[in-house]
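*Asks:* one predicted model, sequence on top.
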Amino acid sequence: MMDNTKYENRSALFKLLFDGGTLYDAFLMEAAQQIGQSLLTIPWIFSLMGYAGAIITLLLFSVLAMWSNHLVISLLTQFRYEIDQQGDPRASMPGYIASYGDVIGWFCGKKLSIFTHIVVILSLLGTSVGQIIATASNLFLLQDPENYAISKRTLTCIVGGIFSLIIFLPTAREFRFFSLLA
């Protein structure tokens, strides 16, 4: 059973930065995703489609992304409601964070839950490798062109090591601070 006193005795600022699972968190994650997606794709879309086409496309895909997030949040809300109604002990745990696998497993069965876990792991792996390479490339380009002090491969190893430290945070609720920064 979880010790609830360690969650109750924290300051309001600490709770604001690190307690997750609220509507505020959903808003932060959605805003960070939309802003990040738009900022990364705007130059490419504008160069291919022109000003008017790019704005229409960005608005369309932003609406589709928000609708998809709404559906996922609705499914999570239904999952939380059903485990509460059935007396599942997870419903009363303040630190319980439901994963896609939990929700899909609850509604669709164990096989789809396992498939969901595999898809999420592969997606995170691909995204993290791409992010590490992109960050290392940007750092490499920031160096003085006449005196490249650190090779791109070395920078990739350094950035990968720094990013891997984030992985070892104790739970997902510590990522709220990073959502605020995003």
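*Replies:* Alright, I've got the coordinates. Residues are numbered from 1 along each chain as shown.

*Asks:* remind me which residues of the chain are low pLDDT?
*Replies:* Counting by pLDDT under 70, the chain contains low-confidence residues at 1-10, 14-41, 166-182.

*Asks:* any idea where the helices of it begin and end?
*Replies:* Assignment of helices within the chain using DSSP state H yields the ranges 5-8, 12-18, 23-85, 100-108, 110-142, 152-167, 176-181.

*Asks:* so which of the ones you listed is the most packed in?
*Replies:* Mean neighbour counts were taken over these using mean count of other C-beta atoms under 10 Å, and the top value, a mean of 17, falls to helix 100-108. Where C-beta positions appear, they are placed from N, C-alpha and C, glycine not excepted.

*Asks:* show me what that one is packed against.
*Replies:* Secondary-structure packing of helix 100-108 (3 or more C-beta pairs under 8 Å, 6 or more residues apart in numbering; DSSP states H and E): helix 23-85, helix 110-142.

*Asks:* possible to save the helices of the chain as JSON lines with distance to Ser92?
*Replies:* Below are the helices of the chain laid out as JSON lines (distance: least, C-beta to C-beta, whole Å):
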{"stretch": "helix 5-8", "distance to Ser92": "13"}
{"stretch": "helix 12-18", "distance to Ser92": "19"}
{"stretch": "helix 23-85", "distance to Ser92": "8"}
{"stretch": "helix 100-108", "distance to Ser92": "15"}
{"stretch": "helix 110-142", "distance to Ser92": "22"}
{"stretch": "helix 152-167", "distance to Ser92": "29"}
{"stretch": "helix 176-181", "distance to Ser92": "22"}
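
*Asks:* kindly reformat the helices and strands packed on helix 100-108 as CSV containing distance to Cys157.
*Replies:* Compiled in CSV, the helices and strands packed on helix 100-108 are given as follows (distance: least, C-beta to C-beta, whole Å):
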stretch, distance to Cys157
helix 23-85, 24
helix 110-142, 8
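
*Asks:* Leu60 versus the closest residue to Gly53 other than its chain neighbours, what's the distance?
*Replies:* Nearest non-adjacent residue to Gly53, counting by C-beta to C-beta, 6 or more residues apart in numbering: Ile45, 8.0 Å away. Separation of Ile45 from Leu60 (C-beta to C-beta, to the nearest Å): 11 Å.
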